[in-house]
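K.L.:
Fold the following for me, if possible:
(2 chains)
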Amino acid sequence: MAIRKMYRILSIPLATSLCLLLTTGCWDRVEVNDLAIVTGAGFDLTDDNKIKLTIQIFDPGSSSESSTMGGSPSNERKQPLLESAVGLNTADAASKLQELLSRKFFWGQADIFVFGEKLAKHGIQDPMDFLTRHPHPRERANMYISKGNADSILQWEPHIERNSSEVLREMSALQSGLDIKLLDVIVQLGSDVHTTVIPWVSMKTSDNKPTPYLGGYASFQDLKLNHWYNQQKTRGLLWLRNEIMTATLTAKPGDDDPGVVSLQLLDTRCRLTPSIQGNKWRMKVTVTTKGDLVQSTSSMDVTKLENIEKLEDLFEGVITKRISSAVQTAQKSNTDVLLFAREYHRHYPKQYDTAKLNWKTIFPAIEVEYETEMTILRTGLIGKNTSLSKSRKEGEGP
Amino acid sequence: MNDNKGLESILQMQRELLARPISTSLRSNTDVLRQLFENASDVVFHEFTIRNGPLALLVYIDGITDTKELERHVLAPLKTDGTDGELGWEAVIQRISVSSSQSVRTIQKAADELGAGNPLLLLEGQAVGAFFAIPFWQMRAIEEPQAETVVRGPREGFIETLHVNLSMIRRRLQTPAFKLKKLSIGRYTKTTCAIAYIEGVTDPNLVEEMERRLKDIDVDGIVDSNHIEEWIEDNPLSLFPQLQATERPDVVVSSLLEGRIALLVNGSPFSLIAPVTLLTLMQSSEDYYERSFVATGIRWLRLLISFIAILMPSIYVAVLSFHQEMIPTALLLTISKSREQIPFPALFEALLMEVTFEALREAGIRLPKQVGSAVSIVGALVIGQAAISAGIVSSPMIMVVAITGVASFLIPNYQLGLAIRLIRFPIMFCAGLLGLYGIVLAGVFIVVHMLSLRSFGVPYLSPLSPIQFEQFKDTLVRAPSWALNKRPHLTGSIWNKLRVRPHHSRLKKG
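P.N.:
You can find the predicted model right below:
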């Protein structure tokens, strides 16, 4: 009895394994040794309007580890392994690229996607479709627009990180506003106004060595590159979009004062209040921010309340200027990266519904008002700058 | 055919001899017993005449009967003082100063008592015999239990002699409510077993059920308590232990106080506790001897680590051969660097190392102590450095095997630990075939199996399923003993609920 039961129980795994023998073709196991791990990819447009796909592959290295007994993985830096291929579209380029490789290439760990300037101006629809449709690329990969060709960024050999992809990713992580993922781009492009911002990166020479740096936002209208925002305007944009965490502002307190004052912003909130009066579309931008004084070489006595108020006014002006310059640029290039459309959609859904078709004529004409409110919370560990400034007259301080 | 006939006649004769009653003729009784114990050189037949009395025969087995006691209290009074010319049974018995004696009327009973070490006295002209309970047990000293050591807690463990083990429990449970039911199992070994329980705390149906299952055992011999365990557990084909084997008297006593029953087996230092659940098997007696916060922390650690012991190699294999996108980039790159020169797929690598590890561990247990160190040196070299430098396995794999190995030692119940060690391998195969999906399938299979398990009617996963919040105090956490004011409800309607009288709880006083 028990033996019969045992046979019955044993027959289940036996039957299962016999069935499995027929399905060995379905087995999708891939060893790590058979993968070419893509750490970053670049997309460029060739002269004959084809897509050039460049991938940065991780080189697992020679037997350096296994030859030394129990040694740690070596820290030698190697030239990043780059492969590229040209195809009619991205998928075609990818399949051609696969022909060049001995290992199956694996998108799952790609940290960054870089679009070349030429491709960005022509339109990024082709690679975007591939990246969103294909199941492997991560939606949390960072997106960049390269000034120049995308492969030049991937090619660059960093000194401090593993590869250039890692460098860019870490740089973005430090500056949260410039941390734009593939998913963010998809979501933004899905809105009514079809705009998005992607950080741009270019090579800058410092100390005779080229180094990539993140310059700011590149705005996109209908998948086409539309405007490069510089660092200052990008800051303004970040304020508007409520994406700034901390920032340091520096300004001269007055024409007759030789010193400079710096302020670290701790908490910044921006509120957009739209209004429609007749035919006039208005937007009120309210910024409230708090900050600490981190440096002051001016002769101003920051322990006095009226001086603090003066400084607050000064920085309010700086912030307003930055934001307004970003707004003006956006309106001039007629790209609603300010998310104004979203605000109108929320507050005036009916009016927006009729207006959204000719948003392109409404958006540049929106009148924007600014109201900035700044509070300086602390003036630092030292109050008045007595010991450090020599030029101060005797007996001025208590 | 002839052999069979010969065997049949031998068995027939044994049965016939045993079935006889004790006759009035001492000569015929002697003949029967001599025939029965033919070729048993350790059986001593001592014929003598009682002073002023009848002819007598003393039979005992040398080595398991206390001969000094026998000579002083049985032989000496009968031979030197004797009776006052009376031939009657009563007169003889009165001369003997042994506290425990009983009469026997059948050869079967007489043979059983002889086997238990009790000397038998037969008289001429009497159809009855007497035996005296003066057995002599050669036993080892009480030592610290080897398999269940604690830092704080009692250091005595059961030994192979039943009555010593029972005395250890009795010393801790001095109430008359502590009951012992003795019975013997095994046609040849006649192993004495004792069911221990506390009347009024234990569900009587539980005791009855245990008795019923024990009586169903039909076997020639019981050598260890595991033989009984295999006969009485609810699901004999399950991988998981459904009775708790312990060699600690304190564990038995605290289980009895919870309303469980214990089965002690002569010849085995391991007693069996029933019913048990998975979570009670995950508890160590030391949990109750340390401060409750510490004990709770250790319990959680143990639960966490047991998941690692079951799943870690499987998850490593699954993730590495199916879900490379799940690994953090930096880690994947490191792994891929160290795996670069490895010729085997991850599944094979894992199996190779796990099997090697299990083999080394088994070798370490079986080897004599003098050779043991050699094994550990070779093991450390094989598992550690040589395998990596030879490029056969990668160093992350060694890490995984080592952590899994350490993790499996954390499971306090050895039988459960063995089950978990074994179950790792099928899960590893599932992981190698189907990835995480395979692990989930195997996990579902195991959980469903455990849900269907019962230990003497108690669901194996209780109090997690069916959920019993009251018992979480002594499963997921270990509440202080004043807070453990209720006994677990195991089976049946009889439930002596309160361990602490309500007004005595320190919880109330704050």
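K.L.:
wait, what's in contact with the residue in the stretch 251-398 of chain A that chain B sits nearest to?
P.N.:
Closest residue of the stretch 251-398 of chain A to chain B, C-beta to the nearest C-beta: A:V337 (30.2 Å). In short, each C-beta sits where N, CA and C put it, glycine included. Taking C-beta atoms under 8 Å, 6 or more residues apart in numbering or on different chains, we find A:V337 in contact with A:T195, A:T196, A:V197, A:Y217, A:S219, A:L237, A:A330.
K.L.:
how about it, phi and psi?
P.N.:
When read as degrees, to the nearest 10, the backbone of A:V337 gives phi -90, psi 0.
K.L.:
ok, what's across the strand from the residue nearest to it when sequence neighbours are not counted?
P.N.:
The shortest distance from A:V337 to any non-neighbouring residue, by C-beta to C-beta, 6 or more residues apart in numbering or on different chains, is to A:S219 (4.7 Å). A:S219 forms beta bridges with A:V197, A:H227, as assigned by DSSP bridges.
K.L.:
Please apply the same query to B:L121.
P.N.:
B:L58, B:A130.
K.L.:
quick one: pLDDT of it?
P.N.:
Note for B:L121: predicted pLDDT of 91.
K.L.:
Likewise for B:G510?
P.N.:
As predicted, B:G510 sits at a pLDDT of 48.
K.L.:
Tell me how many other residues crowd residue 40.
P.N.:
The chain I'm using is chain A. 30 (other C-beta atoms under 10 Å in any protein chain shown).
K.L.:
Can you look at chain B instead?
P.N.:
For B:A40, the neighbour count with other C-beta under 10 Å is 10.
K.L.:
follow-up on the earlier one: surely the residue nearest to A:V337 meets A:T234?
P.N.:
No: under the criterion of C-beta atoms under 8 Å, A:S219 makes no contact with A:T234, lying 10.0 Å away.
K.L.:
low-confidence ranges in chain A?
P.N.:
A:1, A:25, A:62-79, A:176, A:245, A:383-398 (pLDDT under 70).
K.L.:
name the helices or strands packed onto whichever helix in it runs longest?
P.N.:
If you go by DSSP state H, chain A has its longest helix at helix A:305-332. Applying 3 or more C-beta pairs under 8 Å, 6 or more residues apart in numbering or on different chains; DSSP states H and E, one finds that helix A:305-332 contacts helix A:231-240, strand A:247-251, strand A:261-277, strand A:280-296, strand A:367-378.
K.L.:
Format these as JSON lines; extra columns: distance to B:G63 and mean neighbour count.
P.N.:
Formatted as JSON lines, those follow (distance: least, C-beta to C-beta, whole Å; neighbours: other C-beta atoms under 10 Å in any protein chain shown):
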{"stretch": "helix A:231-240", "distance to B:G63": "95", "mean neighbour count": "22"}
{"stretch": "strand A:247-251", "distance to B:G63": "94", "mean neighbour count": "16"}
{"stretch": "strand A:261-277", "distance to B:G63": "90", "mean neighbour count": "16"}
{"stretch": "strand A:280-296", "distance to B:G63": "92", "mean neighbour count": "17"}
{"stretch": "strand A:367-378", "distance to B:G63": "93", "mean neighbour count": "15"}
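K.L.:
With distance to B:A346 added, can I get the ones you listed in a markdown table?
P.N.:
Formatted as a markdown table, the helices and strands packed on helix A:305-332 follow (distance: least, C-beta to C-beta, whole Å):
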| stretch | distance to B:A346 |
| --- | --- |
| helix A:231-240 | 45 |
| strand A:247-251 | 47 |
| strand A:261-277 | 49 |
| strand A:280-296 | 52 |
| strand A:367-378 | 55 |
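K.L.:
Tabulate these (JSON lines), appending distance to chain B.
P.N.:
As requested, the helices and strands packed on helix A:305-332 are exported to JSON lines (distance: least, C-beta to the nearest C-beta, whole Å):
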{"stretch": "helix A:231-240", "distance to chain B": "27"}
{"stretch": "strand A:247-251", "distance to chain B": "29"}
{"stretch": "strand A:261-277", "distance to chain B": "31"}
{"stretch": "strand A:280-296", "distance to chain B": "34"}
{"stretch": "strand A:367-378", "distance to chain B": "38"}
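K.L.:
Near chain A, which residues of the stretch 201-350 of chain B? Just list them.
P.N.:
Residues of the stretch 201-350 of chain B lying near chain A by C-beta under 8 Å from any C-beta of the partner chain: B:236-237, B:320-322, B:324-325, B:329-330, B:332-342, B:345-346.
K.L.:
Just the buried subset of those residues, please.
P.N.:
Buried subset of these (neighbour count, 16 or more other C-beta atoms under 10 Å in any protein chain shown): B:320-322, B:324-325, B:329, B:332-342, B:345-346.
K.L.:
What number of residues are in the vicinity of B:S238?
P.N.:
B:S238 sits with 15 neighbouring residues when counted by other C-beta under 10 Å.
K.L.:
Next, it: phi, psi?
P.N.:
The phi/psi pair for B:S238 (degrees, to the nearest 10) reads phi -80, psi 150.
K.L.:
In contact with the closest residue to it other than its chain neighbours: list those residues for me.
P.N.:
Nearest non-adjacent residue to B:S238, counting by C-beta to C-beta, 6+ apart: B:L453, 5.9 Å away. Taking C-beta under 8 Å, 6+ apart, we find B:L453 in contact with B:D234, B:N235, B:S238, B:F240, B:Q242, B:P459, B:Y460, B:L461.
K.L.:
now do 10 Å
P.N.:
With contact set as C-beta atoms under 10 Å, 6 or more residues apart in numbering or on different chains, B:L453 has these partners: B:E233, B:D234, B:N235, B:S238, B:L239, B:F240, B:Q242, B:T277, B:L278, B:P459, B:Y460, B:L461.
K.L.:
Please report the distance of the residue of the stretch 301-450 of chain B found nearest chain A from A:E117.
P.N.:
Taking C-beta to the nearest C-beta, chain A has its nearest neighbour within the stretch 301-450 of chain B at B:E325, 3.0 Å off. B:E325 is 30 Å from A:E117, where distance means C-beta to C-beta, to the nearest Å.
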